[in-house]
Every structure is written in C-alpha cells, then in structure tokens.
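1. when you get a sec, could you give me coordinates for this:
(one chain, ligands or ions: 1)
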Amino acid sequence: MLITIAFWLLVTLIYFWIHGPVTRFLRVLWEIIMQIYNKKAIDLRTKFGEWAVVTGSTDGIGKAYAKELAAKNMNLILISRNLEKLKYTKDEMLLINPKIQVRILAADFAEGENAFTKIHSLLQDISVGILVNNVGKLHEYPMYVGELPEKELWDIININVGTITLMTRLVIRQMQKRRQGAIVNVSSASEFQPVPLITVYAATKAYVKSFSDGLRAEYSRFGITVQNLSPFFISTKMTAFSSKLQVSSTFVPDATTYARNAIATLGKMDNSTGYWAHSIQKLIILMVPVWIRIKIGQIMNEHFRQDYFEQQRQKRL
Ligand SMILES: NC(=O)c1ccc[n+]([C@@H]2O[C@H](COP(=O)([O-])OP(=O)(O)OC[C@H]3O[C@@H](n4cnc5c(N)ncnc54)[C@H](OP(=O)(O)O)[C@@H]3O)[C@@H](O)[C@H]2O)c1
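-> Residues are numbered from 1 along each chain as shown. So this is what the prediction gives:
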C-alpha cells in the first residue's frame, strides 16, 4: 500500500516537474513552425479597421512597421518627438502607397501625462484599428542601477510603462464598442528573466508582457487582438552602444526584416518574438535555468559595456 502511494506521488511529482518545460518547449516550437510555414496574409484593414497608430515611428522598428502597414493599405498616424523627421517619414509612407492618409504628431512621451493632451484630441474622431505600442527607451549603454541618472530612469519608466498603458486606454473603449481592433505591444526578450546592467529596462519589458496578457484576458471576448512581441537584438539606433550589434545578420536582423516578419504574425500569434530566428533563440534560452540565464546576461552586458567604452575612447582619439 505504502509503496503504491509513494509510486503515484513520484509519478505526480515528475509530471509537474516536466509539464512546464515540455509545454513551453512545444509552444515555442509551434511558434517557429508557424512563422516559417504560414504565409497566408491577413487583410488587416478588413479585420481590424482602416487606421493604425504607431508610436516611435521615425526610426528603427516603428518606422519599418509603419512602412509595412502602409504597403498593406492602412491609413497611418505617426507619433514621435521630432517634427522634421515626422514630415520626412510621412513623405516616405506616401511614396510607398499614395492612396493612404497619413497624419503626424510630435509628442515627447518622456513628458508623461503632458504628452497625452494633444494625442487625445487627435484620436478623438478616428476609429483606430491597430495600435502599435512600439516606442521604448533603453539605457544609453549597459549600466549599474546606481549609475543611471535620475532623469533617464524617469524617462525609461514613463516611455516603456506609462506610454503603452495610457495609449492603450485611449483606444481600447472605442475598439470594444466596435468589437474590432488590435493592440501590438513591443516588449523585448529581456522580459524572459531579469537582465543585469539593463535591469530597469528588462523590468519594464516584463511589465509590457504582463500588461499584454492581462489585457487580452479582459478584452479578447470583445473581438480585440492583443499581441505581445518579444524580440532579441535588432540592429537599430537603440543598439548603437555596441558596434557588433550594428552589423545585421540572421540572428540580429535589420528593422525591415524584423517588421516584415512580425507583421505576418499579427492576428495569428498572441505571444511571439516576431521573427523566426529569434524564436529559435527563445527555444534554446527557455530551456536554460533562470539563474544561468541571468549570469549569461550579466557577462554579455559587461562585454557590451566595455565595447561602448572602447567606442567612446576611439571617438576621443
Ligand atoms: N533594437 C532592439 O534590439 C530591440 C530589441 C528588443 C525590443 N526592442 C524594442 O523595440 C522598440 C523599438 O526599438 P528600436 O530599436 O526601433 O528603437 P529606435 O531605433 O531607437 O527608435 C525609437 C523610435 O522612438 C522614437 N522616440 C524615442 N524617444 C521618444 C520619445 N520620448 N517620445 C516619442 N518618440 C520617441 C524615436 O524617434 P525620435 O528620436 O525622432 O523621437 C524613434 O522613432 C522599443 O520598444 C524597444 O524596447 C528593440
């Protein structure tokens, strides 16, 4: 009798021990297969609505994503800090697709609440089909928390946490009424575990993931799609602290390659890296215990930090 109980206890323990990792492995494997084989395009305009809002849309992923949306016939609202860059970006979008409408708005999300007054009035009469919460801020280079200037800390929190939350609140009720819409939140692979030397950034991205999952649970029954994207490195201005990350490759794509892949997952995957090669990285990373991943992150960022200091030294010479 005792032996039978002990046996079933052991079976149950083994089940719970392997259940998590096995499900995680299969889910990510599915993510890779889907991205490689599923080429059927969704008509975004019909599925979600005619207008898309992209935050942080004059550079990097945001701009590349906006270009993809323009090519897919979506009208655009582009929000970034710099009016000149916005005008230039608007012209680029209209070159891609002269049939769409493009509106621009200069707003600095680091200002927190103040940035939202003009965004609110701009969006009042517009049915937003897709909101791409792309804008984000990383430390200038890998730093210890105590080294981060107070202003930069506030900026990271306001931009990465405040903006995504408030932008979503601005559009979610109209989407709910129409029973149609998509929110795309650009998180980061740094949400998978704490990442030393970009500790604050990684923590804000864990917020983005948690926010996305909670939001989806609240609003999917109203026909709203909530997607969380967690990419690894992409060669953009954000990763300019290391010269190695400015050379694009299969595992460090440029923004165009990334955005083209990511948009193909919209409406098909709730959680994804957005890019097949990053999903392979995710598959490997998630098999490694968290404490080892933290250690690897620390070693990698110490390396990037030295790379940054070397770049600065070269500039001074
Ligand atoms: N690059 C990567 O390796 C990577 C990896 C994982 C996740 N991500 C995430 O992907 C998103 C986009 O990153 P990215 O690499 O494309 O960045 P990026 O190249 O630095 O571009 C950032 C964009 O946001 C705008 N912006 C910056 N600060 C702003 C502010 N305070 N108010 C309004 N607009 C602002 C910038 O335009 P202006 O300067 O003209 O305002 C620019 O258009 C971020 O959320 C980032 O965390 C990036």
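
2. for the rest of this, base every contact and every neighbour count on C-alpha atoms.
-> Noted.

3. how about the strands in the stretch 151-300 of the chain?
-> For the stretch 151-300 of the chain, applying DSSP state E, counting those that start in this stretch gives strands covering 181-186, 224-229, 271-272.

4. pLDDT averaged over the first one, what's the number?
-> The average pLDDT for strand 181-186 rounds to 98.

5. do the shortest one as well
-> Confidence over strand 271-272, taken as the mean pLDDT, stands at 96.

6. likewise for stretch 5-23?
-> Per-residue scores along stretch 5-23 average to 80.

7. near the ligand, which residues of the stretch 1-150 of the chain are found?
-> Residues of the stretch 1-150 of the chain lying near the ligand by CA under 6 Å from any ligand atom: 56-62, 80-82, 85, 107-110, 134-137.

8. in helices, which of those fall?
-> Those of these mapping onto helices are 60, 61, 62, 85, per DSSP state H.

9. coming back round to it: columns distance to the ligand and mean neighbour count on top of the strands of the stretch 151-300 of the chain, output as TSV?
-> Shown next, in TSV, are the strands of the stretch 151-300 of the chain (distance: least, CA to the nearest ligand atom, whole Å; neighbours: other CA atoms under 10 Å):
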stretch	distance to the ligand	mean neighbour count
strand 181-186	5	26
strand 224-229	8	25
strand 271-272	12	22
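
10. still on that earlier bit, and the residues of the stretch 1-150 of the chain next to the ligand, which are buried?
-> 56-62, 80-81, 107-110, 134-137 (16 or more other CA atoms under 10 Å).

11. what's the local residue count around residue 297?
-> 19 (other CA atoms under 10 Å).

12. for the ligand, see how far away the nearest residue to it once chain neighbours are set aside is.
-> Computed as CA to CA, 6 or more residues apart in numbering, the closest residue to residue 297 that is not its neighbour in sequence is residue 195, at 5.5 Å. The gap separating residue 195 from the ligand is 13 Å, by CA to the nearest ligand atom, to the nearest Å.

13. now do the contacts for residue 195.
-> The contact partners of residue 195, by CA atoms under 8 Å, 6 or more residues apart in numbering, come to 202, 294, 297, 298.

14. so the first one touches residue 209, yeah?
-> To tie it back to what came earlier, the one meant is residue 202. No - with contacts defined as CA atoms under 8 Å, residue 202 does not count as touching residue 209, sitting 10.7 Å away.

15. could you count how many residues lie near residue 170?
-> 16.

16. closest to the centroid, which residue in this protein?
-> Central residue of the chain (CA atoms, centre = their mean): residue 186, 1.5 Å from the mean position.

17. for it, give me its contacts.
-> Contacts of residue 186 by CA under 8 Å, 6+ apart are 132, 133, 134, 135, 208, 228, 229, 230.

18. show me what it is bridged to.
-> residue 229 (DSSP bridges).

19. for residue 275, see how far away it is.
-> To residue 275, residue 186 is 13 Å away according to CA to CA, to the nearest Å.

20. now do residue 82
-> Taking CA to CA as the criterion, residue 82 is separated from residue 275 by 29 Å.

21. quick check, pLDDT for residue 95.
-> So residue 95 comes in at 98 (pLDDT).

22. likewise residue 213?
-> On the pLDDT scale, residue 213 gets 98.

23. just to revisit the earlier point, quick one: which of the buried ones among the residues of the stretch 1-150 of the chain next to the ligand sit in strands?
-> Among these, DSSP state E puts residue 80 in strands.

24. near the ligand, which residues of the stretch 201-317 of the chain show up?
-> So the stretch 201-317 of the chain meets the ligand at 231, 232, 233, 234, 235, 236, 237, 238, 239 (CA under 6 Å from any ligand atom).

25. can you get me a residue count around the residue lying closest to the second one once chain neighbours are set aside?
-> If the residues on either side of it in the chain are set aside, residue 232 comes closest to residue 189, at 5.1 Å by CA to CA, 6+ apart. Using other CA under 10 Å, residue 189 has 23 other residues around it.

26. which residues touch residue 189?
-> Counted by CA under 8 Å, 6+ apart, residue 189 has contacts 230, 231, 232, 273, 282.

27. residues in contact with the spatially closest residue to residue 250 that is not a sequence neighbour?
-> With sequence-adjacent residues excluded and distances taken as CA to CA, 6+ apart, residue 250 is closest to residue 277, at 6.7 Å. Residues in contact with residue 277 (CA under 8 Å, 6+ apart) are 32, 250, 251.

28. of the residues of the stretch 201-317 of the chain next to the ligand, the lowest pLDDT goes to which?
-> Lowest pLDDT among those: residue 239, 90.

29. thought it was touching residue 248?
-> No - contact criterion CA under 8 Å: residue 239 and residue 248 do not qualify, at 11.3 Å.
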